[in-house]
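*Asks:* here is a sequence with its predicted model. Questions after.
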Protein chains: 2
Amino acid sequence: MPAMSTGEADGSRQAWLRTVAADVARLDRSSSAERAADILRRSITEGALPPGAQLSEVELTEVLEVSRNTLREAFRLLTHEGLLIYKLHRGVFVPELDEADVVDLYRLRRVLEVDVVRGLAERDPELPDARLEPLHDDVEAAEAAARADRWPAVGTANMRFHQHLIGLADSARMDAMTGRLLAELRLLFHVIATPRELHEPYIARNRALLELLEARRYDDAAANLHQYLLESEIAILEAFRAR
Amino acid sequence: MPAMSTGEADGSRQAWLRTVAADVARLDRSSSAERAADILRRSITEGALPPGAQLSEVELTEVLEVSRNTLREAFRLLTHEGLLIYKLHRGVFVPELDEADVVDLYRLRRVLEVDVVRGLAERDPELPDARLEPLHDDVEAAEAAARADRWPAVGTANMRFHQHLIGLADSARMDAMTGRLLAELRLLFHVIATPRELHEPYIARNRALLELLEARRYDDAAANLHQYLLESEIAILEAFRAR
DNA sequence: GCTAAGAGATTGTTCAACAATCCTGCAAGA
DNA sequence: TCTTGCAGGATTGTTGAACAATCTCTTAGC
């Protein structure tokens, strides 16, 4: 640990400590179970494993080159993210979400995200512009992906935008909950036939929301987001019924 | 499956199917890992395993009479409930929550619980009085436990009251989140010396809240609950600093 | 007193085996 | 034809032992 003067640079030193801690955590996360979970997570969120699919233990031990016990630990990890469900003595399956799940997920998204934005008003001075940069990057990533006609990437950028939005609240538990909610939401997207119609509207709405945040108009932003999520829920429900 | 006329009794048949499904789920939950997790969960929430304690694998395999693999699966279950934390190559520990965690937990409680109560207004007709009965039972259980000077039991009844309150929203995900939040909250209670001073105020407040709900005065109930949780957070923070 | 090497303990992972449960298909009976 | 009961095979649940990787604590050396 390098010796630094503690007075003026204390804040930057804290920041540095956090980045190092994040790096260490990233290195440490190299357990076989979590690596296997990473691969399965991608397969599920990208749709290679469709809802309702069963994951065979023996088959996956060969593909992932891990033991059955380690694989089962990976299953548990994904189970608690909502990406798999366990049926005792029958195996693990990719969940099949229905309309009630859409309503449930969106209700929680509205509650959490709107509260985060509204809560920003009370601590405006603490929020430097730099905190909004990740959101900015996500918006531009979505716009770039749309120009390249890569709609799944647009969806991914949209997810990140909302995850970063929640991140503004500095609440570890909200971050974790949102991670789960968005992962489950991705499960829904795969049963929808037209990704373009689904994801395109979000691009402009995210940018509009970001501009309200940058202007520090938090109440307007909250109202905007509330309406945004209500309409988004309706759109998904409709796409879901039309599948 | 008994044959029933599908016309008039369709609603009650659906209800019956749900109760059966719930019974089946309850029977199915008998895996060794989950049983071990149940025992450990109680030990942690009741304080037998204090915050900071390490759980040795070899020791617990003997006590719980399960293999190391099964025990580790139980650890994973509890890890994702927030009742244990994994440190790679070092083992599992009971988390030590600090003041920031109190603030975080209460922020989420306020967001979720207040939203549930406020949301009841929109579906008042669907909410029969019977739905409030569990809350009623919890209030009376708390009052009885207080008369018997059993303050930990008062705390348990209080937790159940709030879990049942969330349950009114019929949201499986809110139920799960609340279960986690309240379990973590219990972790905090054990570092506080005076359970009576901590739990006593909740008894009357819960009853007052219940009466507002029974009177269908949802907005008043929501405002009451919001203030209730704000003050409760302050009380816990003070007790925490004074430990 | 401080640093560095090593022994011992603990966790991470694998493998093979057996028990318990589920699914499938088939045959017997109403 | 439809239901019921019963194998048989396949899959999951659990165990125990073994070895590798990592951490912790003690001890030796400066």
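*Replies:* Cool, the structure landed. Residues are numbered from 1 along each chain as shown, chains lettered A, B, ... in the order given.
*Asks:* next one: the closest residue to A:Glu46 other than its chain neighbours from DNA strand D, what distance?
*Replies:* Of all residues not flanking A:Glu46 in the chain, A:Pro152 sits nearest, at 7.3 Å (CB to CB, 6 or more residues apart in numbering or on different chains). No exception for glycine: its C-beta is placed from N, CA and C like everyone else's. Using CB to the nearest atom of the strand, to the nearest Å, A:Pro152 is found at 28 Å from DNA strand D.
*Asks:* wait, isn't A:Ala153 in contact with A:Ala145?
*Replies:* Yes. At 3.7 Å, A:Ala153 counts as touching A:Ala145 under the criterion of CB atoms under 8 Å.
*Asks:* neighbour count: these two, which is higher?
*Replies:* A:Ala145 (20 against 16; other CB atoms under 10 Å in any protein chain shown).
*Asks:* so where is chain A shaky, pLDDT-wise?
*Replies:* A:1-30 (pLDDT under 70).
*Asks:* quick check: residues of it near chain B?
*Replies:* A:28-29, A:31, A:69, A:72-73, A:76-77, A:80, A:88, A:104-105, A:107-108, A:111-112, A:115, A:169, A:171-174, A:177, A:181 (CB under 8 Å from any CB of the partner chain).
*Asks:* go again with 7 Å.
*Replies:* A:28, A:31, A:69, A:73, A:76, A:80, A:88, A:104, A:107-108, A:111-112, A:115, A:171-174, A:177 (CB under 7 Å from any CB of the partner chain).
*Asks:* can you tell me if the host helix or strand of A:Glu34 touches DNA strand D.
*Replies:* Taking DSSP states H and E as the criterion, A:Glu34 maps to helix A:32-45. No. Contact of helix A:32-45 with DNA strand D (CB under 7 Å from any atom of the strand) is absent, the minimum separation being 10.6 Å.
*Asks:* partner strands of the helix or strand following that helix, with direction?
*Replies:* The helix or strand immediately downstream of helix A:32-45 is strand A:54-55, counting by DSSP H and E. Take DSSP bridges as the rule and strand A:54-55 pairs in its sheet with strand A:91-93 (antiparallel).
*Asks:* check whether the strand it pairs with comes near DNA strand C.
*Replies:* No. If you take CB under 7 Å from any atom of the strand as the test, strand A:91-93 misses DNA strand C, and the best it gets is 8.6 Å.
*Asks:* just how off-centre is that strand within its chain?
*Replies:* 23 Å (CA atoms, centre = their mean, to the nearest Å).
*Asks:* buried sites along that strand?
*Replies:* A:Val92, A:Phe93 (16 or more other CB atoms under 10 Å in any protein chain shown).
*Asks:* now stretch A:62-69
*Replies:* A:Leu64, A:Val66, A:Asn69.
*Asks:* quick check: which element contains the residue lying closest to A:Thr45 once chain neighbours are set aside?
*Replies:* Nearest residue to A:Thr45, sequence neighbours excluded (CB to CB, 6+ apart): A:Arg186, at 4.5 Å. If you go by DSSP H and E, A:Arg186 is part of helix A:172-189.
*Asks:* kindly report the same for A:Ala204.
*Replies:* Short version: A:Ala204 belongs to helix A:195-214, going by DSSP H and E.
*Asks:* any residues touching that helix, and which ones?
*Replies:* Contact with helix A:195-214 is made by A:132, A:135-136, A:139, A:142-143, A:146, A:151-152, A:154-155, A:158, A:161, A:189, A:192, A:220-221, A:224-225, A:228, A:235, A:239, as judged by CB atoms under 7 Å, 6 or more residues apart in numbering or on different chains.
*Asks:* do the same with stretch A:236-243
*Replies:* A:Glu99, A:Val102, A:Leu188, A:Val191, A:Ile192, A:Ala193, A:Leu198.
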